[in-house]
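Participant: Predicted model and sequence below, questions to follow.
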Amino acid sequence: MNTTDGVLDRAKMTAQRKVQSTIPVQQQVRAAHLMDRAKRRLGMSEQLVFSETPIPDAADVPLTELDVSNPFLFRQGKWHSYFRRLRDEAPVHYLADSPFGPFWSITRYEDIRAVDLDPDVFSAEPRIILGHAPINVEMFIAMDPPKHDVQRKAVQGVVAPRNLKEMESLIRERVQEVLDGLPTDRPFDWVERVSKEITARMLATLLDFPYEERHKLPYWSDAISGTAEATGGTTDQDLFYTAIGDLARSFMALWHDKAARRERGETGFDLITLMQSSEDIKDLIHRPLEFLGNLTLLIVGGNDTTRNSMSGSVLALHQNPDQLEKLKANPSLIPNMVSETIRWQTPLAYMRRVAKQDVHFGGQFIRKGDKVVMWYASGNRDERQFEDPDAFVIDRPNARNHMSFGFGVHRCMGNRLAEMQLRILWEEILARFDRIEVIGEPTYVQSNFVKGYESMTVQVTPKAQ
Amino acid sequence: MATVTFVEHDGTVHQVDHDEDGSLMEIATNHAVPGIEGDCGGEAACGTCHVIVTDEWAGTVGPRTGREQQMLEMSPECEANSRLACQVAVSSAMDGLKVRLPEFQM
């Protein structure tokens, strides 16, 4: 980033903070969009565009130049060897130059856990993705204690185990509907028909979002988490602003609608109602950037993660038919298979921190202000923690020790919901299908953050009656 | 040989005889006590080994640490005597220790 750009950016942040309480959120999104467009026209900033080229083998790259921020690393299957080399040769690794600026990579299980557990030194602020966000929304995943604790506590009840228990039969019904509607006589896209559909239905329910418009939720989620500047994705900036503007408009309307219904005495146990009944955040609507941030967090957090684990479980069991047979012979292994899937898939590859002070860590000197990336995808394949880590073993004894949910105060709030959705999905799959065959290769998302699938063609074989 | 008693939320009692010095979480998971998960392996990092120490043992077991506090506060079932079992060191001298389990782990 050049100096003028830096100054402008800081001015933008200060201005955003000042106006956040007075200007409606849609206008703020629009203003940020116009600002970015103007900067692009004036040649002051360029949109990052990534074009795919074959990634060299890890062994052929000088260690200091090994770049794990390449958004094609997962798609090209190079991530195993890149992260293995970092774990073995430079577990706390500094890359001086990347499209996202310089950053440290932490790649061993124990080191990642240590960073995650030290929010006093490694701050989650201002954001947890490697790159630059087009608009500075505020979300509690990217806040440090104590502010984080207040906002999280206000909403976590909706996915607390007690509430989930009551939702189990509803989740099961929705999963059954989706599975019963699948064609058995021809191939179809599992991502579109199952993984996306089930997560959208659940998210619409949790948010009390209009059910018939539920497909907007994964659309927004993908568009918002997928800008090139943020994660190396394919969303261009205009699309980003359109999506986040739509999201803002919809949820402002939903918030006011819920408030009116609450006044008429309607009750609910959805996220919006919970926010409105919390003393600490009932006025969130008057802090638009926080409002937008926390909703974006819940939508993105509840989307990519579960969706890609659902697709990942089908792929892993297709590639490991012995494990599928083991599962069919002993369905009580489903919960452990779910944990093993979440380890094996690691749907979000990392979380980012920023050093709040100079610190010696793992034999390296990390300076105040440096970006530090905890690569969960690597920790979950660390030979020091997991035996034969690349193998998919549904009865792996320590599968639950995976780090896909993170550790410490930011540990995934929706972990039990995610596990429950995956468990129910497989209980219902085993009741219906003999096998799910993946045809050809799935296509992978372009991103250094989301480790997931765009599409996966499958053919299901119903169980013999 | 010492005994630890775990009482599940529904009242089911699990009495574990052990002769190892270790954390309460390790004793529970080594003896397959249901409802204690220990996802992070014992680093007070996940909050899935929450127990509530009975009043008569609270003094002996001692108070929770700062990091434990942060994790436990996120649980709606956190009580004054709540601890993370992985941070409770059990010795054979603590014969008769009794703890309750919450209804759910985080």
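Facilitator: Perfect, thanks for sending it.

Participant: State the number of residues packed around the closest residue to B:Glu103 other than its chain neighbours.
Facilitator: Computed as Cβ to Cβ, 6 or more residues apart in numbering or on different chains, the closest residue to B:Glu103 that is not its neighbour in sequence is B:His9, at 4.2 Å. C-betas here are computed from N, CA, C, even on glycine. Residues near B:His9, counting by other Cβ atoms under 10 Å in any protein chain shown, number 13.

Participant: Would you map the helices across the stretch 151-300 of chain A?
Facilitator: For the stretch 151-300 of chain A, the helices defined by DSSP state H, counting those that start in this stretch occupy A:161-180, A:190, A:196-207, A:216-225, A:228-231, A:237-263, A:271-276, A:288-301.

Participant: and the fourth one with helix A:237-263, angle?
Facilitator: On the basis of axes from the mean of the first three to the mean of the last three Cα atoms, to 10 degrees, helix A:216-225 is oriented at 140 degrees to helix A:237-263.

Participant: now the host helix or strand of A:Ala431 and helix A:196-207, what's the angle there?
Facilitator: In this assignment (DSSP states H and E), A:Ala431 forms part of helix A:415-432. Here helix A:415-432 runs at an angle of 140 degrees relative to helix A:196-207 (the same axes, to 10 degrees).

Participant: And the residue sitting nearest the centre point of chain B, its phi and psi?
Facilitator: Residue closest to the mean C-alpha point of chain B, counted by Cα atoms, centre = their mean, is B:Ala85 at 3.2 Å. With angles defined as degrees, to the nearest 10, B:Ala85 sits at phi -60, psi -30.

Participant: My read is that it contacts B:Gly22, right?
Facilitator: No - in this structure B:Ala85 lies outside contact range of B:Gly22 using Cβ atoms under 8 Å: 10.5 Å.

Participant: what do the two both touch?
Facilitator: Shared contacts of B:Ala85 and B:Gly22 (Cβ atoms under 8 Å, 6 or more residues apart in numbering or on different chains): none.

Participant: Show the pLDDT at the nearest residue to A:Leu239 once chain neighbours are set aside.
Facilitator: Leaving aside its sequence neighbours, A:Leu239 sits nearest to A:Ala223 (Cβ to Cβ, 6+ apart; 5.6 Å). pLDDT recorded at A:Ala223 is 90.

Participant: Look up phi and psi at residue 92.
Facilitator: You didn't pick a chain, so chain A it is. Residue torsions, per degrees, to the nearest 10, at A:Val92 are phi -120, psi 100.

Participant: so who does it touch?
Facilitator: The contact partners of A:Val92, by Cβ under 8 Å, 6+ apart, come to A:Trp104, A:Ser105, A:Ile106, A:Asp111, A:Phe361, A:Gly362, A:Gly363, A:Gln364, A:Ile366.

Participant: Would you mind giving the secondary structure of A:Arg353?
Facilitator: strand (DSSP: H, G, I helix; E, B strand; the rest coil).

Participant: where does chain A dip in pLDDT?
Facilitator: A:1-23, A:44-45 (pLDDT under 70).

Participant: Can you pull the domain assignment for it?
Facilitator: A:1-46, A:151-348+A:405-462 (automatic domain parsing).

Participant: on that earlier part again, quick one: the residue nearest to A:Leu239 and A:Tyr241 touch, right?
Facilitator: No - judged on Cβ under 8 Å, A:Ala223 makes no contact with A:Tyr241 at a distance of 9.6 Å.

Participant: Please list the residues of chain A that sit near chain B.
Facilitator: A:113, A:116-117, A:145, A:149, A:152-153, A:156-157, A:160-162, A:398, A:400-401, A:405, A:407-409, A:411, A:415-416 (Cβ under 8 Å from any Cβ of the partner chain).

Participant: Now, of those, which are buried?
Facilitator: A:113, A:116-117, A:145, A:149, A:152-153, A:156-157, A:160-161, A:400-401, A:405, A:407-409, A:411, A:415-416 (16 or more other Cβ atoms under 10 Å in any protein chain shown).

Participant: Give the burial count for A:His215, as a bare number.
Facilitator: The burial count for A:His215: 12, using other Cβ under 10 Å.

Participant: ugh, wrong one, I meant A:Asn336
Facilitator: 17.

Participant: Wasn't it part of a helix?
Facilitator: Yes - read with three-state DSSP, A:Asn336 is one of the residues of a helix.

Participant: which stretches of chain B form helices?
Facilitator: Remark: helices assigned in chain B by DSSP state H are B:24-30, B:55-61, B:66-73.

Participant: hmm, the last one touching chain A?
Facilitator: Yes - when contact is scored as Cβ under 8 Å from any Cβ, part of helix B:66-73 falls within range of chain A: B:Arg67, B:Gln70, B:Met71, B:Glu73.

Participant: Looking at these, state which has the most neighbours.
Facilitator: With neighbours taken as other Cβ under 10 Å, the top of the residues of helix B:66-73 next to chain A is B:Met71, carrying 27 neighbours.

Participant: so how far is A:Val158 from the nearest residue to that residue once chain neighbours are set aside?
Facilitator: Nearest residue to B:Met71, sequence neighbours excluded (Cβ to Cβ, 6+ apart): B:Gly47, at 4.0 Å. To A:Val158, B:Gly47 is 18 Å away according to Cβ to Cβ, to the nearest Å.

Participant: How about A:Gly43?
Facilitator: On the measure of Cβ to Cβ, A:Gly43 and A:Val158 end up 46 Å apart.

Participant: Compare those two and say which is more crowded by neighbours.
Facilitator: A:Val158 (22 against 7).

Participant: Show me where chain B has its strands.
Facilitator: For chain B, applying DSSP state E gives strands covering B:2-7, B:13-18, B:22-23, B:50-53, B:82-84, B:89-90, B:97-100.

Participant: How about B:Ala58, nearest residue that isn't a chain neighbour?
Facilitator: Closest to B:Ala58 by Cβ to Cβ, 6+ apart is B:Asn81, at 4.8 Å.

Participant: Contact partners for the one you found?
Facilitator: Per Cβ under 8 Å, 6+ apart, neighbours of B:Asn81: B:Ile52, B:Val53, B:Thr54, B:Asp55, B:Ala58.

Participant: Quick one, which of these are buried?
Facilitator: For these, buried by 16+ other Cβ under 10 Å: B:Ile52, B:Val53.

Participant: which one of the contacts of B:Asn81 is nearest chain A?
Facilitator: Taking Cβ to the nearest Cβ as the measure, chain A lies nearest B:Ile52 of these, at 16.0 Å.

Participant: Who are the contact partners of the nearest residue to that closest one once chain neighbours are set aside?
Facilitator: Excluding its sequence neighbours, the residue lying closest to B:Ile52 (Cβ to Cβ, 6+ apart) is B:Arg100, at 4.5 Å. For B:Arg100, the contact set (Cβ under 8 Å, 6+ apart) comprises B:Phe6, B:Val7, B:His9, B:Val51, B:Ile52, B:Thr54.

Participant: Show me which of these has the smallest pLDDT value.
Facilitator: Among the contacts of B:Arg100, B:His9 has the weakest pLDDT, 92.

Participant: Just the buried ones among the residues of chain A next to chain B: which are in strands?
Facilitator: Within these, no residue falls in strands by DSSP E.

Participant: residues touching the closest residue to A:Glu168 other than its chain neighbours, list them.
Facilitator: Leaving aside its chain neighbours, A:Glu168 sits nearest to A:Met420 (6.6 Å; criterion: Cβ to Cβ, 6+ apart). Neighbouring residues of A:Met420 by Cβ under 8 Å, 6+ apart: A:Leu164, A:Glu168, A:Ile171.

Participant: quick one, what contacts the first one?
Facilitator: Residues counted as contacts of A:Leu164 (Cβ under 8 Å, 6+ apart) are A:Arg416, A:Leu417, A:Met420.
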